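>>> dropping the sequence and predicted coords here.
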Amino acid sequence: MDLQRPDSYQGGAGPVFNEHVLHKTILVGDSGVGKTSLLVQFDQGKFIPGSFSATVGIGFTNKVVTVDGVRVKLQIWDTAGQERFRSVTHAYYRDAQALLLLYDITNKSSFDNIRAWLTEIHEYAQRDVVIMLLGNKADVSSERVIRSEDGETLAREYGVPFLETSAKTGMNVELAFLAIAKELKYRAGQQADGPSFQIRDYVESQKKRSSCCSFV
Ligand SMILES: Nc1nc2c(ncn2[C@@H]2O[C@H](COP(=O)(O)OP(=O)(O)OP(=O)(O)O)[C@@H](O)[C@H]2O)c(=O)[nH]1
């Protein structure tokens with residue numbers, strides 16, 4: 001996908017949309033792990049099979065989701081995973097509230113590179129950025145080289161929530177973005193004596209629900 005900066009981009013600190021702040025979320029990870037496909041699945045509910053066309057540069061999609069009866073506006077940035085675009089994408093980390101970090105369960109080096117991605121994130125992003133680790137292409141079980149437990153162990157080490165996803169079937173795609181939206185909504189309205197929200201606990205509870213008896 002060839003992404004140009006859309007005309008609606010206003011630059012600077014936090015674009016606005018209908019006078020409401022957009023929560024900026026960025027998709028990162030090696031080239032080919034499925035960042036664009038994940039965003040297309042979440043935004044349009046479809047998967048476009050066929051030859052792989054690497055993202056050039058960076059672009060965004062605005063998406064409104066409803067969590068607990070409240071509309072949360074996400075501005076989701078899709079970055080190019082190729083090394084040559086790295087300096088461009090770093091510049092966008094700084095005002096991101098959330099980062100979805102993807103690897104491909106059929107590609108070992110994409111998993112091995114997660115530590116390097118996390119080092120970059122800690123260098124360029126805000127200290128309290130919400131990070132979620134996603135092991136994508138979970139539908140391709142015959143070519144799996146990274147076990148689910150390995151993803152879980154790595155996520156636990158870094159204290160971040162973890163999900164396996166499939167941009168092809170849609171598995172856990174909505175859950176990943178909804179969990180991020182819930183966390184950002186919680187942070188925005190956080191009150192000292194209000195109820196607390198833990199994104200890792202939420203993701204774990206939803207995973208258990210879906211593996212047990214499908215969503216109700
Ligand atoms: N089976 C399967 N294929 C996928 C999945 N996600 C992506 N793909 C395929 O993997 C290839 C790469 O997907 P992209 O979404 O373009 O990857 P990307 O991470 O955006 O790549 P860059 O733009 O280079 O950073 C494409 O051929 C997709 O069709 C998935 O969940 N399952």
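In hand now; what should we look at?
>>> for the closest residue to residue 174 other than its chain neighbours, grab the count of nearby residues.
Spatially, and ignoring its direct neighbours in sequence, residue 174 is nearest to residue 42 (6.6 Å; Cβ to Cβ, 6 or more residues apart in numbering). C-beta here means a position set from N, CA and C on the backbone, and glycine is covered the same way. Look at residue 42: counted by other Cβ atoms under 10 Å, it has 22 neighbours.
>>> quick one: low-confidence residue ranges for the protein.
1-21, 190-194, 210-216 (pLDDT under 70).
>>> circling back to that earlier point, name the SS class of the residue nearest to residue 174, please.
Using DSSP: H, G, I helix; E, B strand; the rest coil, the structure places residue 42 in helix.
>>> who's in contact with it?
63, 76, 173-174, 176-177 (Cβ atoms under 8 Å, 6 or more residues apart in numbering).
>>> for those residues, which one is nearest the ligand?
Set against the ligand, the nearest of these by Cβ to the nearest ligand atom is residue 173 (8.7 Å).
>>> what does this structure put close to the ligand?
For the chain, the residues in contact with the ligand (Cβ under 6 Å from any ligand atom) are 31-37, 49, 52, 54-55, 80-82, 136-137, 139-140, 166-168.
>>> report the buried members of the residues you listed.
If you count burial by 16 or more other Cβ atoms under 10 Å, the buried members of those come out as 32-37, 55, 80-81, 136-137, 139, 166-168.
>>> let's see which of those end up in helices.
In this view, those that belong to helices under DSSP state H are 35-37.
>>> quick one: the helices in the protein?
Under DSSP H, the chain gives helices at 35-44, 86-93, 108-112, 114-124, 148-158, 173-188, 199-213.
>>> distance to residue 99 added to those, as CSV?
Shown next, in CSV, are the helices of the chain (distance: least, Cβ to Cβ, whole Å):
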stretch, distance to residue 99
helix 35-44, 11
helix 86-93, 7
helix 108-112, 16
helix 114-124, 6
helix 148-158, 12
helix 173-188, 9
helix 199-213, 13
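>>> so what strands line up beside the lengthiest strand in the chain?
Scanning the chain for the strand with the most residues, using DSSP state E, yields strand 56-67. Strand 56-67 pairs in its sheet with strand 2-3 (parallel), strand 70-79 (antiparallel), by DSSP bridges.
>>> many thanks, I have nothing further to ask.
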